[in-house]
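**Q** Give me the fold of what follows.
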Amino acid sequence: MKFFKAALFIFLVLATSGVFAQTSAELKRRRDKLNDELEQLNREYQETASNKKVSLKQLNILKAQINLREEKITNINSEVRNLDNQISESNNTVHSLQNQLDQLKKDYAGMVLFAYRNQSAYNKLMFIFASKDFNQAYRRLKYLQQFGTYRERQAGYIQGTQKDLHVKIVELDKDKKQKNELLQSQEKEKAELGKAKNNQVKVISNLSKHQGELKQQQRDVQKRIARNNKEIINTVRREIEEARRKAEAEAREAARIAAAKAKAENREVVAPTKKAITKNSTNSEILNSTPEAARLSNDFLGNKGRLPWPVAAGQLVHGFGTYNDADGIRNENTGYEIRTNTGAAVRAVFEGEVRTIMDISGTYLVVIKHGEYFTAYQNLRTVNVAKGQKVSTKQTIGTVAVDASTGDATIIFQLYKDKGFVDPRLWLAPN
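**A** Residues are numbered from 1 along each chain as shown. Next comes the predicted model:
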């Protein structure tokens with residue numbers, strides 16, 4: 001019974017350790033990805049640092065480095081906490097196994113001593129013949145046979161427990177070593193984070209000398225984004241009005257045909273089963289008035305949280321919502337601003353139809369309709385599609401442009417539904 005309880009305890013501990021190991025593996029994968037992104041940023045920063053003219057690109061790279069290093073430190077803290085839990089569990093297991101081993105050895109020693117004192121065949125025979133009756137003699141004979149088997153089994157338990165103890169001690173030493181390595185890595189990242197923040201202060205100081213020029217560049221970018229956003233809204237409004245007119249025209253034509261047929265057959269006009277589009281109809285009802293549009297809307301909704309990113313590789317610069325720029329000015333972002341590689345291909349995140357292509361201040365805006373949903377892609381250098389063209393998921397629609405004010409290849413991705421922009425984080429797959 002004691003052995004069963006001990007085995008159950010070990011199983012539960014090992015199962016718990018497996019959960020920690022899985023979480024630790026995920027954290028390690030994230031740490032490796034952060035290392036790759038930091039290496040890429042370091043290479044880009046060295047390229048910009050070789051240029052004597054300080055630019056906003058340097059500042060953006062430094063800000064991205066700082067964010068990634070802070071995330072990496074947080075990731076390491078989580079790994080250390082997991083290892084602390086594993087080390088604690090391993091210590092408890094080692095103590096439990098050691099106590100069990102001591103008890104098994106003590107019991108085994110008692111059995112060996114008993115066997116030694118009764119090792120002669122004469123003593124065993126006397127033990128059997130001293131029985132009161134045949135049944136007792138039979139039970140004593142079986143006892144002696146089982147005693148030998150039990151002693152062999154106990155010896156096996158001791159060997160197995162010693163092996164388990166050795167394995168857990170090795171795992172414990174490995175976890176402690178890994179924890180020390182993580183703590184050293186954490187200290188290194190804190191030092192690098194401090195350097196990056198100092199560099200950021202220097203770059204901001206140098207940029208302040210060209211503040212007027214940079215401010216004008218930023219204003220130009222904001223104006224372009226505002227014009228793009230206005231065009232996106234206008235595109236949606238045009239699509240709603242066009243869908244409304246089409247639905248109303250189809251309803252009138254269907255009513256005319258039904259009335260003519262009823263008159264010819266000398267019967268009353270049957271009311272249409274399909275819900276008519278009226279002035280009170282919602283945008284969703286209007287845009288989903290055709291079976292194809294309704295199917296596309298349902299498919300788009302069914303892929304919520306799993307849509308691919310508009311670029312194959314990229315880092316999020318600004319997410320949806322408000323943020324403060326380097327000067328502390330509050331800005332509103334209506335989508336995802338993603339930094340990617342120069343000349344990177346821009347992809348449609350879902351099948352749909354291109355409804356708008358517009359050149360605004362030297363860069364292109366592309367708007368794609370997916371039933372009642374719309375996706376917009378700002379800051380394209382080239383466009384590979386035409387208005388009215390059907391596109392598929394991940395189909396290339398153009399290439400990303402380099403922002404003149406920052407030197408970064410960035411794309412602004414937006415998602416529009418009903419009466420406003422929605423957060424792409426809820427729709428795009430984790431990057």
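
**Q** CA-only coordinates of stretch 372-392 in CSV, if you can.
**A** Output of stretch 372-392 as CSV, limited to C-alpha atoms (Å, rounded to 0.1, in the frame of the first residue of the first chain):
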residue,chain,number,x,y,z
GLU,A,372,-20.0,43.3,-45.2
TYR,A,373,-16.3,43.6,-44.2
PHE,A,374,-13.6,45.8,-45.8
THR,A,375,-9.9,45.6,-45.4
ALA,A,376,-7.6,48.5,-46.4
TYR,A,377,-3.9,48.5,-47.2
GLN,A,378,-2.1,51.9,-47.0
ASN,A,379,1.4,53.0,-48.1
LEU,A,380,1.9,50.7,-51.1
ARG,A,381,4.7,51.5,-53.6
THR,A,382,3.2,49.4,-56.4
VAL,A,383,-0.1,47.7,-57.0
ASN,A,384,-0.6,44.3,-58.8
VAL,A,385,-4.4,44.3,-58.9
ALA,A,386,-7.2,46.2,-60.6
LYS,A,387,-10.5,47.6,-59.4
GLY,A,388,-13.3,45.0,-59.6
GLN,A,389,-10.8,42.1,-59.6
LYS,A,390,-11.5,39.1,-57.4
VAL,A,391,-8.6,38.2,-55.1
SER,A,392,-7.8,35.1,-53.0
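
**Q** So for it, mean pLDDT?
**A** Stretch 372-392 carries an average pLDDT of 93.

**Q** where does Asn266 land in three-state SS?
**A** Look at Asn266: counting by DSSP: H, G, I helix; E, B strand; the rest coil, its state is coil.

**Q** pLDDT at it, what is it?
**A** Per-residue pLDDT puts Asn266 at 71.

**Q** could you say what helices and strands the helix or strand Asp359 falls within packs with?
**A** In the assignment (DSSP states H and E), Asp359 maps to strand 352-360. Here strand 352-360 touches helix 211-264, strand 363-370, strand 373-383, strand 390-391, going by 3 or more Cβ pairs under 8 Å, 6 or more residues apart in numbering; DSSP states H and E. For glycine as for every other residue, the C-beta is placed from the backbone atoms N, C-alpha and C.

**Q** Which residues does it contact?
**A** Strand 352-360 has contacts (Cβ atoms under 8 Å, 6 or more residues apart in numbering) with 224, 227-228, 231-232, 235, 239, 296, 364-371, 374-375, 383, 385-391, 397.

**Q** how about low-confidence regions in the stretch 51-200 of the chain?
**A** Applying pLDDT under 70 to the stretch 51-200 of the chain flags residues 51-57, 97, 101, 104-105, 107-132, 134, 137-138, 140-158.

**Q** Helices of that one, residue ranges please.
**A** Secondary structure of the stretch 51-200 of the chain, counting by DSSP state H, counting those that start in this stretch: helices at 56-117, 121-129, 134-207.

**Q** so which of the helices and strands packed on strand 352-360 comes closest to Gly420?
**A** Closest to Gly420 of those is helix 211-264 (Cβ to Cβ; 8.8 Å).

**Q** Asn333 reaches Val317, doesn't it?
**A** No: shown here, Asn333 and Val317 do not form a contact pair, counting by Cβ atoms under 8 Å, at 9.3 Å.

**Q** Give me the helices and strands touching the helix or strand containing Glu292, please.
**A** Using DSSP H and E, Glu292 maps to helix 291-302. Judged by 3+ Cβ pairs under 8 Å, 6+ apart, helix 291-302 is in contact with helix 283-287, strand 363-370, strand 373-383.

**Q** What residues of that helix count as buried?
**A** 293-294, 296-297, 300 (16 or more other Cβ atoms under 10 Å).

**Q** Hey, what's the angle from it to strand 373-383? Just curious.
**A** Counting by axes from the mean of the first three to the mean of the last three Cα atoms, to 10 degrees, helix 291-302 lies at 90 degrees to strand 373-383.

**Q** Perfect, that will be all.
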